[in-house]
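In: fold the following.
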Amino acid sequence: MPFFVPRIWLLLAVGWMAGLTAACGGSEFSPPLPIVQIILGIGDCGGLRVGEMCTLEVTAIDSGGSVVTDPSLQWSSSDQFVARVDFLGNVTGFRAGNATIVVQTTDSVIMEDTTLTVGEALPPPPDPDGP
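Out: Next up, the predicted model:
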């Protein structure tokens, strides 16, 4: 036996969807434009030392020239023993040296990189009570 939807329910559902579409600002769904440029800034990572964490600044631009507010990006480090980077661009220094940090689109088409120098850890402050 075929499933039958009363006409009134069908009209109500179509009307509700049309209202929802209009309330969301348009009559059609448009997929996001592709990212065509990534701008990578050093942020507060200029003086990174062993044991410290900093955040790289990233801006993604789509093919329409607009900033992408929540881009899907992948991060990597050329030397995980020197500096590690997480999925948000937070870098942690583990050993003194240089590491190249790469950020790229998930399809690996657009990428940008920067080389960070991780300095030695600062010596501990002197004991106020003395030796």
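
In: going forward, measure contacts between C-alpha atoms and count neighbours the same way
Out: Noted.

In: element containing the nearest residue to residue 38 once chain neighbours are set aside, please.
Out: When the adjacent residues along the chain are set aside, residue 38 lies closest to residue 60, with 4.6 Å between them (CA to CA, 6 or more residues apart in numbering). Using DSSP states H and E, residue 60 sits in strand 57-62.

In: what's that strand packed up against?
Out: Contact partners of strand 57-62 among helices and strands, from 3 or more CA pairs under 8 Å, 6 or more residues apart in numbering; DSSP states H and E: strand 35-41.

In: quick one: average pLDDT of the following helix or strand past the strand it packs on?
Out: Beyond strand 35-41 on the C-terminal side, the first helix or strand identified by DSSP H and E is strand 53-55. Averaging pLDDT along strand 53-55 yields 97.

In: just how off-centre is the helix or strand following the strand holding residue 60 within its chain?
Out: Beyond strand 57-62 on the C-terminal side, the first helix or strand identified by DSSP H and E is strand 73-77. Between the centre of strand 73-77 and the centre of its chain there are 9 Å (CA atoms, centre = their mean, to the nearest Å).

In: check which helices and strands strand 73-77 sits against.
Out: If contacts are counted by 3+ CA pairs under 8 Å, 6+ apart, strand 73-77 sits against strand 83-85, strand 97-105.
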